[in-house]
Structure formats: C-alpha cells, structure tokens
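Participant: Can you look at this prediction? I've put the sequence above it.
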Amino acid sequence: MKINLLILFLLSACLFINKNVSGQSFCGSSGKFLVTPTEGCAPLTVNITNQMVNAENVTYAYNFDKNSTSPPEEKDRSFELSHVYDLPGTYTILQYGSIKDVAGFSLCKEVIVKENRAPKADLMTCNSGRVRLTLVDDAIAQAYDAIEINWGDGKSQSVNIKNGGRLFYDHQYASAGNIPAITVQGKHTSGNCSQTLKTTLTKETAPQTLAKIRIRSVEMLASGEAKILYDGMEGLATEIWIDKGDGQFVSTGKGGQSDGAQSATISGLNARQIYRFKLSSKNFCDNLIDSPIVSSMVVKEGLVSLDEIISVAWEHYPNTDNLIQYQLKRDGSVIFSSAEQLSYLDTDVKCGTNYQYEIVAIIENDVRSYSTPFSIAPKSALPETITTGSVTVKDEKTISTQVALVGEGLTSSYNLIIERATLGSQDFQQVSQPGNQSLLFDDIDVNPNENSYCYRFTYENACNLKSPAPSVPICSILLQNRISDVYWNADAPFTASIGSYDLIQTDNAGVVKDEIPKQLETSHMLDIGSQSAFSFQVKARSADGNMESYSNVLSLRRDPIVLIPDAFTPNGDAHNERFEVKAYFVSKFSMSVFSRWGEVVFQTDDIADGWDGNIKTGKAPGGYYLYKIEMTDALGNQISRNGSFLLIR
C-alpha cells in the first residue's frame with residue numbers, strides 16, 4: 001500500500017510540474033480544505049479539514065512560497081493536519097494531491113499570525129519621582145496597533161509608534177523615591193491576542209546611562225570650520241562645547257535632541273590651532289553629563305630640513321588615554337602609522353611636486369580626529385661646487401671622468417654637466433648629454449695619446465638649483481717615451497697645486513708590479529737591461545687629495561739583444577779575462593761551452609756568469625771552442641745561438 005501511495009505521489013508531482021511549465025504559481029484552485037483558525041496570535045495552532053472527495057496522497061506545506069512555480073521540497077512536505085506557528089507573520093498553506101483516475105489538485109490559503117511578545121522599553125528615573133519610559137523601536141513594537149503603558153499608580157495611556165510616532169513618554173509620581181512597577185503591553189485593533197505578554201519595569205532594573213551620547217569624529221577644515229559628528233538621544237538636549245586653548249570650555253550654541261547620528265559645523269576657528277570639544281547633555285533629571293573630550297589635530301612642516309625630503313610633524317593629541325594610533329596620509333593614502341611617534345621624514349617625494357598631508361588620530365570605540373590638509377613641496381639647498389673627481393685615460397680613444405657629490409643640495413635625480421677643453425685652452429664645451437645622471441662618464445671623442453684634455457663639472461639638482469661655479473679643471477696626462485726614459489707633460493693636471501706623481505708599472509697581464517713615487521718629477525729612467533716588456537701609467541694627485549688624474553698607458557717592448565765575443569785572453573792583465581755573453585730583454589738564459597771534441601767544459605743558467613778558461617784539470621789549452629745559448633724572450637719565444645770563439649793563451 002505504501003509503495004502505491006508513493007507512486008501516486010510522484011505521479012501527481014510530475015503532473016503539476018508539467019502543468020506549471022509556463023511559469024504560473026504552483027498554487028491552484030482545484031483543492032478544497034478548511035483552516036481553523038485563519039488568524040490569531042503566536043504561538044498559533046491551526047487545524048486542517050480536508051474536503052476533497054476520493055483524494056489520495058493529500059500533502060500539505062505550511063510555509064509555502066505562493067509565488068513558487070514548483071512543488072515544495074521534501075523536507076517541507078507534511079501529511080499532518082495540524083501545525084504550530086511560533087513567530088508572527090503571514091503564512092501560506094498549500095494543499096495538493098490527486099484523485100484516482102482524474103487529475104492532480106492544489107489550493108493555497110493564508111494564515112495571519114500576530115505578535116504576542118511583550119514590547120521592550122527602557123526607563124529613566126529621577127529622585128523627584130519623575131520618570132521617562134522609552135520604547136524600543138523594533139519589529140515587535142511595530143507589529144502592534146497600539147502599546148498600552150500602565151504606570152502602576154492607577155494611570156495608564158495608549159500610544160502608537162507606527163509611522164514615526166514618539167518613542168519616549170514622561171510621568172510624574174506623587175511620592176518621590178516610591179516608584180511602582182510599570183508594565184508595557186501591545187494591543188491589536190482586532191482584539192486578538194488580549195493575553196499578550198507584558199514588560200515590567202522597576203527602578204532597580206531600569207538603565208540610566210547616557211553613554212551612547214558621544215563624539216564620533218572631529219574634522220578641521222581649511223576654511224576655519226570644525227565639522228563635528230556625534231550620536232544623540234531622543235528627547236535629551238545635547239550641546240557642543242569648545243576649549244579654544246585657555247583650558248575653559250564654552251558653549252558653541254550648536255546641538256540638538258534627536259536620536260542617532262547628528263552633525264554640526266563650528267565656524268570662526270583657526271585651522272592651524274588645536275581645539276578641544278565635548279558634548280554636554282542635560283539628562284531627564286536635569287543633570288548635566290559631559291561626554292569624553294575629543295581634540296582636533298594639526299599637521300605642519302617638521303623641524304628637520306633635508307634635501308628633497310619632506311619633514312612633517314603633528315602636535316600631541318590631548319586626552320589620549322585611549323589613543324590607538326596616528327595615521328599620516330599623503331594625497332589621501334596612508335603612508336605611516338604609529339601610536340607614539342609625532343614626526344615623519346618622507347623620502348618618497350620629488351622636487352617640483354606639491355604633496356598634501358593629513359594626520360588622523362584613531363581613538364578607542366572607532367572615534368576619529370582629522371587635521372586640516374597641509375600642502376608642501378620638497379625643498380633643497382644650493383648644491384655645493386664639486387671638489388672631488390678624477391680623470392683617467394681608458395684607452396687610445398676614451399677618457400673616463402668620475403666625480404663625487406657631497407654636501408648640501410643632493411637630490412635623488414640631477415643633471416651632471418661635463419665640459420671639456422684642450423689643455424691650454426679656456427674654450428670649454430659641454431660633452432655630456434642633457435639630464436646626465438651618471439657620475440662615471442666616458443668621453444669617446446678624444447685622442448689621449450696625442451693630446452691632454454681638461455674637464456670641469458657642474459651639478460644641477462632636481463629642484464633646478466645649480467652649483468654656484470664649475471669645478472676646477474682636471475686634466476689628463478700625456479705619457480711618452482724616449483730611448484732610455486719615459487716622460488710626461490710638465491703642465492700640472494690641476495689648477496690647484498699638485499701633491500705628487502706616482503709611476504705605476506704593470507706586467508703583460510696588466511698586474512701592478514710596482515708603484516714608484518716620483519714626487520714632482522716628470523720623467524723616469526728605464527732599466528733596459530732587466531726587462532724586455534713593460535707598461536707604465538702616471539697617476540697624479542692634487543695637494544688636497546681630492547683630485548686624481550691618470551695618464552695613458554704606455555706599453556714598451558724590446559727585441560732580445562745578445563752580444564757574444566769572438567775571443568778572450570785569460571792572462572791576468574785584467575782585460576778580456578772571461579768569455580762573457582751580454583743578453584738584454586730575455587727572461588730565461590742557458591749557455592754551454594764545448595771543446596773541439598764535443599766535451600762540455602762550462603755550463604751556466606746565469607746570464608751574468610762567464611767562463612774563465614779553466615777546466616777540471618787546470619787551464620784549458622788555447623784554441624777554438626764552441627758555444628750553444630738557449631734563451632726565452634718576453635713574449636715566450638725560444639731563441640738559440642750557436643758559434644765558436646778563440647781562447648788565446
């Protein structure tokens with residue numbers, strides 16, 4: 001039987017789905033049932049009487065959406081014929097099912113469930129016997145056509161708060177301090193729900209606080225006005241008071257007695273001054289009660305003065321026991337926050353741009369104090385004349401210059417102007433590109449192996465301020481060589497006095513082998529007997545040590561020179577006593593001497609060592625001898641020499 005009912009139920013559901021594919025409500029008009037009662041107070045129990053004849057699988061939904069085009073979900077279906085509504089509202093009851101061998105049916109009816117809960121209220125009492133009852137404006141109170149207040153002394157009144165009606169009601173008792181219980185009960189015009197619940201208020205349980213009356217925010221405007229946002233209470237006169245700096249509060253004449261958020265504007269103030277504000281409210285018992293004090297804020301230029309850095313500061317916020325933090329805004333965005341710091345250095349700024357700053361104090365309970373916006377542009381001092389730099393001959397077509405920027409006037413961007421003139425000329429021409437921001441510059445339009453060039457530098461910062469004068473010139477040094485020495489131009493590379501010259505000597509790989517102090521000399525004698533390949537560069541330093549100049553690199557190489565005598569006479573006359581070979585510009589040396597029969601009579605690896613004509617058995621006999629010499633030049637090439645010489649006895 002249960003299986004048959006389930007099949008019929010599903011079939012009926014399908015019939016209704018097919019029937020309502022056009023989008024019409026699932027509520028039909030073919031059903032028939034009675035609801036008792038159709039109106040009443042919560043909690044309301046309704047009973048259903050099915051009037052459909054031969055109906056099968058009759059189902060009910062007690063809280064159906066009458067605009068729905070689909071049957072209720074399974075969890076909302078019921079076969080029960082009674083239902084309890086606990087909360088007020090208008091509910092739709094859906095009946096649907098099927099008649100065997102005929103069709104499905106459905107019908108909707110409404111049930112009105114009225115509010116039965118007691119309205120809520122607050123009570124304020126005075127020692128004089130005066131009381132004020134304030135109704136809570138919520139869904140419960142709005143559900144009633146009237147609310148009856150029974151003052152407990154034989155007097156009562158019926159009030160209506162719908163459509164913006166008054167919420168507070170006053171009453172005076174004949175005997176002060178002896179306030180009876182007060183009841184509040186909702187009423188319906190239809191007379192239903194005569195037994196609705198009551199709220200009972202007594203002096204002991206009634207709230208008497210004005211804590212909700214408080215300042216929300218203080219905003220200082222550039223016009224010299226203070227905009228005050230505050231919360232008031234219905235029926236309680238609230239006035240804004242101000243302390244203008246002398247510690248005494250005076251009335252502004254602004255305020256009101258409305259409930260919720262209120263605003264007022266105080267005129268005639270100085271936007272650059274701090275003021276204190278409070279609310280003074282006269283409660284129902286004519287007692288003055290002050291709100292917490294909220295002060296205005298001022299942001300201004302700080303005491304620190306740095307190039308292209310904006311220094312901002314703000315005065316300490318009085319009455320800050322519950323301060324959470326300060327927030328500093330730049331152009332509307334927070335850039336810094338702190339609970340203690342009262343200044344900030346903003347380095348993310350550029351010259352030529354105005355920035356707007358605002359300080360916000362955030363206080364407990366979401367209270368805010370906003371300063372008047374303050375506009376300022378970065379400043380800079382006049383740049384100093386450049387006094388530190390160097391000039392270096394980089395290669396045969398390039399001279400590199402480098403300077404250091406120090407002192408006041410330094411900014412994040414700049415234009416370093418570099419000018420050049422040939423040594424001896426005052427016709428300086430700019431060689432750097434406009435907007436040059438590189439301290440290291442390569443001048444590629446020069447011939448440093450033929451001429452000396454002088455450079456001077458001017459610094460222009462981002463604030464369009466230029467150093468008062470160009471730097472003193474720094475000139476390149478032209479290094480040249482003669483047969484036996486190297487020399488450089490005698491003209492000093494600096495306008496100021498020169499400190500000294502140093503001659504830097506490097507090997508073939510560019511590794512510094514020696515740095516020879518030359519004081520104020522302008523030449524250096526070469527030791528051509530000890531080296532066959534070497535490079536030199538002159539470094540000059542100014543007397544104050546701030547400027548340097550490096551010459552071109554002069555690389556010298558010599559072909560090996562080997563001098564071999566063809567005879568020697570070891571006879572004790574101190575002349576031509578040894579067979580000695582002179583070799584220049586070689587790095588390795590080896591020599592062997594042979595008799596006519598191929599016997600080695602002398603061997604050495606020392607270029608300064610010669611044969612004295614002696615052998616193991618004594619003096620070698622006169623006659624011809626052979627030699628073989630193996631050498632390596634500076635480039636690593638192997639060199640051999642073979643020949644003969646005469647020993648004369």
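Facilitator: Nice, thanks for sending it over.

Participant: then stretch 538-548 to PDB, C-alphas only?
Facilitator: Taking Å, rounded to 0.1, in the frame of the first residue of the first chain, the C-alpha atoms of stretch 538-548 are listed here in PDB:
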ATOM      1  CA  VAL A 538     101.300  58.000 -14.400                       C
ATOM      2  CA  LYS A 539      99.000  58.900 -11.500                       C
ATOM      3  CA  ALA A 540      98.800  62.500 -10.300                       C
ATOM      4  CA  ARG A 541      97.200  63.500  -7.000                       C
ATOM      5  CA  SER A 542      96.300  67.100  -6.000                       C
ATOM      6  CA  ALA A 543      97.700  68.600  -2.900                       C
ATOM      7  CA  ASP A 544      94.400  68.300  -1.000                       C
ATOM      8  CA  GLY A 545      94.000  64.700  -2.100                       C
ATOM      9  CA  ASN A 546      90.500  65.300  -3.700                       C
ATOM     10  CA  MET A 547      91.500  65.100  -7.300                       C
ATOM     11  CA  GLU A 548      93.400  62.400  -9.400                       C
END
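
Participant: list the buried ones in that stretch?
Facilitator: The neighbour-count check on stretch 538-548 (16 or more other Cβ atoms under 10 Å) flags 538-542, 546-548 as buried. For glycine as for every other residue, the C-beta is placed from the backbone atoms N, C-alpha and C.

Participant: Give me the neighbour count for residue 387.
Facilitator: Residues lying near residue 387 (other Cβ atoms under 10 Å) number 17.

Participant: ugh, wrong one, I meant residue 534
Facilitator: Around residue 534 there are 22 residues (other Cβ under 10 Å).

Participant: Please tell me how far it sits from residue 81.
Facilitator: Here residue 534 is placed at a distance of 120 Å from residue 81 (Cβ to Cβ, to the nearest Å).

Participant: sorry, back to before: where strands are concerned, which of the buried residues of stretch 538-548 count?
Facilitator: Here DSSP state E is the test, and those give 538-542, 547-548 as lying in strands.

Participant: any idea what residue 456 is structurally, helix, strand or coil?
Facilitator: Secondary structure, DSSP: H, G, I helix; E, B strand; the rest coil: residue 456 is strand.

Participant: so it makes contact with residue 419?
Facilitator: Yes - here residue 456 lies in contact with residue 419, judged by Cβ atoms under 8 Å, at a distance of 5.2 Å.

Participant: Settle it for me: which of these two has more neighbours?
Facilitator: residue 456 (21 against 18).

Participant: Quick one: low-confidence residue ranges for the stretch 401-550 of the chain.
Facilitator: Under the criterion pLDDT under 70, the flagged ranges of the stretch 401-550 of the chain are 483, 528-533.

Participant: ah, wrong one, I meant the stretch 1-150 of the chain
Facilitator: Using pLDDT under 70, the stretch 1-150 of the chain drops low at 1-23.

Participant: which of the ones in strands among the buried residues of stretch 538-548 lies closest to residue 492?
Facilitator: residue 540 (7.7 Å; Cβ to Cβ).

Participant: Count residues in the vicinity of residue 494, would you?
Facilitator: Residue 494, neighbours per other Cβ under 10 Å, totals 22.

Participant: do the same with residue 330
Facilitator: Other residues close to residue 330 by other Cβ under 10 Å number 18.

Participant: Helix, strand or coil: sort out residue 140 for me.
Facilitator: Quick answer, by three-state DSSP: residue 140 is helix.

Participant: what's near enough to touch the residue nearest to residue 612 when sequence neighbours are not counted?
Facilitator: Nearest non-adjacent residue to residue 612, counting by Cβ to Cβ, 6 or more residues apart in numbering: residue 578, 5.2 Å away. Counting by Cβ atoms under 8 Å, 6 or more residues apart in numbering, residue 578 touches 568, 570, 610-613.

Participant: Just the helices from this protein, written as ranges.
Facilitator: Along the chain, the stretches classed as helices by DSSP state H are 2-19, 139-142.

Participant: and this protein, what are its domains?
Facilitator: 2-114, 121-201, 214-295, 299-376, 381-558, 561-647 (automatic domain parsing).

Participant: Please dump the ones in strands among the buried residues of stretch 538-548 into a markdown table; it should also carry distance to residue 344 for every row.
Facilitator: Output for those, formatted as a markdown table (distance: Cβ to Cβ, whole Å):
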| residue | distance to residue 344 |
| --- | --- |
| 538 | 52 |
| 539 | 46 |
| 540 | 47 |
| 541 | 43 |
| 542 | 42 |
| 547 | 39 |
| 548 | 41 |
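
Participant: Identify, from those residues, the entry nearest to residue 296.
Facilitator: Closest to residue 296, out of all of those and judged by Cβ to Cβ, is residue 547, at 56.3 Å.

Participant: quick revisit: intersection of neighbour lists for residue 456 and residue 419?
Facilitator: 428, 470.

Participant: Tell me the backbone dihedrals of residue 409, please.
Facilitator: phi 90, psi 0 (degrees, to the nearest 10).

Participant: center of the protein, which residue is that?
Facilitator: Taking Cα atoms, centre = their mean as the criterion, residue 335 is the residue nearest the geometric centre of the chain, at 7.5 Å.

Participant: that older thread, quick check on the contacts of residue 578: which are buried?
Facilitator: 568, 570, 610-611, 613.

Participant: quick one: buried residues of stretch 505-524?
Facilitator: 506, 518, 522, 524.

Participant: Distance-wise, check residue 244 relative to residue 458.
Facilitator: Counting by Cβ to Cβ, the gap from residue 244 to residue 458 is 53 Å.

Participant: neighbour count winner among the two?
Facilitator: Between residue 244 and residue 458, residue 458 has the larger neighbour count (other Cβ under 10 Å), namely 20 against 14.

Participant: Just put the buried ones among the contacts of residue 578 in TSV and tack on pLDDT and distance to residue 114.
Facilitator: Below are these laid out as TSV (pLDDT from 0 to 100; distance: Cβ to Cβ, whole Å):
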residue	pLDDT	distance to residue 114
568	93	145
570	92	147
610	93	137
611	94	140
613	93	146
